[in-house]
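Asks: Sequence below, structure please.
(2 chains)
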Amino acid sequence: MTPAAAARPDAWRRMAGDWSPWHDRGGRLSPLRGGVFALALAPGLWLALALAGAFGPLALGAEPIHEAEHLTGLWALRFLLLSLALTPLRRITGWGRLAQVRRMIGLTAFAYAAAHFGLYAVEQQLQPLRIASEIVQRLYLAIGFTALLAFAALAATSFDRAIRRLGANWRRLHRLAYAIAVLGLAHYALQEKLDVAEPAFLFGLFAALMLHRTPLGLAPGRAFPEARILGAAILAAALTAFSEYAWHATLTGLPAERILAANLDLAAGRPAVLVLAAAAIPALIPLGRRLLSLARPREIAHEAR
Amino acid sequence: MHFHRRPSWHIPEREVTPERVFLDRRAVLAGLGFAGVAAASGLGVARPAAARPAGEAWTPAPPLDPAYADAGRAITPEAVSGSYNNFYEFGTHKGIADAAQKLPSDPWTLQIEGHAARAGEIGLEDLLAKMPVQERVYRHRCVEAWSMVVPWIGFPLAELVKWAEPTSAAKYVRFETLSDEKTMPGIRQSWYPWPYVEGVTIEEALNPLPFMVTGAYGKVLPKQFGAPIRLHLPWKYGFKSAKSVIRISFVEEQPMGFWQELQGSEYGFWANVNPEFSHPRWSQAQERVLGTGDEAPTVIWNGYGEEVAGLYKDMDLSKRGLWF
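Replies: Numbering: from 1, shown residues only, chains lettered A, B, ... in the order given. The predicted structure follows:
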């Protein structure tokens, strides 16, 4: 075998490791990365097909562009929150490989945010002056556009060379993801006609994720992970209920006390209740492990070694 | 942009399309035949339109008012307008058409209240028998910057007001929508100020344009449009046009509308269409025309200035309040 022929598989593998969404760094097929890639594409693919009329003329309702605009914005926020969930999830599961999909998820969120803006531009007949004057005049648009610009800066510095060149500054710059999430959620809430239940739910999830970045939250070596998860879920739910109350008390004519009281009706599916459930469920993972270790102490001890 | 009123003899090409008329003619003949047989056999007569299920053909077809035969734009397909309805009693999104089928629209009784000689209740069938039922094609402009064109069947509100004989104490007409927790899931959201209320001045109510709608697209009004009887005020933003009206009151005080109570800065009492006055969150200069993917410039009074501008001649048109 000539040296050139031997080098070829290596070069191929390196390229796959650097560029392929379904390979890991070492150029091996990665079901995790492949699965996340499929998850990232699925809503966009569905939306593109729906816009093209593949599912009938009314698949996206009477205003398809408007609906697609709404949905891409929602997916941008969902993927952004998912990217912020990876660190706490890694600490819960101990599954270090989750770090391999963080960039992909972050870039997915940006792609949806960019598509969201693109659809808005289409709706405004692609008239630059009109788009600019709307952004300047409407607070929620100014906030959304600021978030998009910051997000573009993160996407543009998401390549290996940029990461190497920026060094320690890269981490500092990419903390902007938290600010982008706050701006994105504010943009979402401010465009609502009245009821902010949906943005409040996403805000609650964001609050839970941020609580895990404080001394109260999960971290390697900290005791009682399930209590920390549960505690963060309760705090995040309380913050959700309070924010929703404060929002209506100051910004809308809805009776804020009644909305606060509605949280007690669990079946009503108010955002605080949903946040409590969604943020508490991961506590089952360490809890399950603890129960398993009580049942089979020897094996677990052996694994730990 | 200016909408020209066509002469009374003008029939747009679209309306010449004989399909519905043709089908209706047959239905009329069939109905007559049935009535004849029924009368002969003592079975009774065919029920009037109000007592038939929503969505059934309106027979016989009411005459098309020539003044409102053409809205200057194509009629929005029913599949589009009938699947995009703000009807908060059934949910806060617009896909409520399926949920709205539970609306108990038959039988229906209207309460006439307040300063009117005919205050009391009246069945919808009885009311329709007294009213000049006709078809009118109107443009509808939502405050959310979309619009549609619907061929409504109904009668002028002015006729109802004249029939009710309001006294001089009646300054406003207040409309109240059904609020039924059993059939309307949205009512469980107790923080909204149910029932839905809207209102107009008595002068506005006596204008020939406001229309009490009991049918659409040649049929008994489909439920998601606000069956069995709703208001339509084509020169005002859509939220002013209350659906499923159960109570009409002649009152002295300006009624507080549902949306006005919730967010008075965005949805006020007058809410007359004007492209110059932006909503706080979007421009009102254009409208997205449902079912076309196109945009059209919005026209002051939604293009009905000839009919209604006179109502406001003593008011300050530069004040934002008249437009929100």
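Asks: rest of the way, CA atoms for contacts and neighbours
Replies: Fine.
Asks: The residue of the stretch 51-200 of chain B found nearest chain A: what secondary structure?
Replies: Minimum separation of the stretch 51-200 of chain B from chain A (CA to the nearest CA) falls at B:Val80, amounting to 5.3 Å. State at B:Val80, reduced to three classes by DSSP: H, G, I helix; E, B strand; the rest coil: helix.
Asks: could you dump the helix or strand hosting A:Ile180 to PDB, C-alpha only?
Replies: Using DSSP states H and E, A:Ile180 falls within helix A:176-191. Coordinates of each C-alpha in helix A:176-191 appear next as PDB, following Å, rounded to 0.1, in the frame of the first residue of the first chain:
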ATOM      1  CA  LEU A 176     -24.400  36.800  24.900                       C
ATOM      2  CA  ALA A 177     -26.500  33.700  24.400                       C
ATOM      3  CA  TYR A 178     -28.200  34.400  27.700                       C
ATOM      4  CA  ALA A 179     -28.900  38.000  26.700                       C
ATOM      5  CA  ILE A 180     -30.200  36.900  23.300                       C
ATOM      6  CA  ALA A 181     -32.600  34.500  25.100                       C
ATOM      7  CA  VAL A 182     -33.900  37.300  27.400                       C
ATOM      8  CA  LEU A 183     -34.400  39.700  24.400                       C
ATOM      9  CA  GLY A 184     -36.000  36.900  22.300                       C
ATOM     10  CA  LEU A 185     -38.500  36.100  25.100                       C
ATOM     11  CA  ALA A 186     -39.300  39.800  25.600                       C
ATOM     12  CA  HIS A 187     -39.900  40.100  21.800                       C
ATOM     13  CA  TYR A 188     -42.200  37.200  22.000                       C
ATOM     14  CA  ALA A 189     -44.200  38.500  25.000                       C
ATOM     15  CA  LEU A 190     -44.500  42.000  23.600                       C
ATOM     16  CA  GLN A 191     -46.000  40.900  20.300                       C
END
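Asks: so how far is that helix from its chain's centroid?
Replies: 12 Å (CA atoms, centre = their mean, to the nearest Å).
Asks: okay, and for the chain, where does confidence drop off?
Replies: Because you didn't say which chain, this covers chain A. A:1-8, A:297-305 (pLDDT under 70).
Asks: other chain: chain B
Replies: Ranges of chain B meeting pLDDT under 70: B:1-50.
Asks: which parts of it sit against chain A?
Replies: B:80-81, B:83-84, B:190-192, B:261-263, B:280-283, B:290-291, B:293 (CA under 8 Å from any CA of the partner chain).
Asks: Buried ones only from the residues you listed, please, as a PyMOL command.
Replies: PyMOL command restricting the residues of chain B next to chain A to the buried ones, with burial defined by 16 or more other CA atoms under 10 Å in any protein chain shown:
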select buried, chain B and resi 80+81+83+84+191+192+261+262+263+281+282+283+290+291
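Asks: Residue of chain A nearest chain B, please.
Replies: A:Gly253 (4.1 Å).
Asks: Contact partners for the closest residue to that residue other than its chain neighbours?
Replies: Leaving aside its sequence neighbours, A:Gly253 sits nearest to B:Leu262 (CA to CA, 6 or more residues apart in numbering or on different chains; 4.1 Å). Counting by CA atoms under 8 Å, 6 or more residues apart in numbering or on different chains, B:Leu262 makes contact with A:Thr252, A:Gly253, A:Leu254, B:Pro193.
Asks: what sits against the spatially most central residue of chain A?
Replies: In chain A, the residue lying closest to the centroid (CA atoms, centre = their mean) is A:Leu81, at 2.2 Å. Going by CA under 8 Å, 6+ apart, A:Leu81 touches A:Ala181, A:Leu205, A:Phe206.
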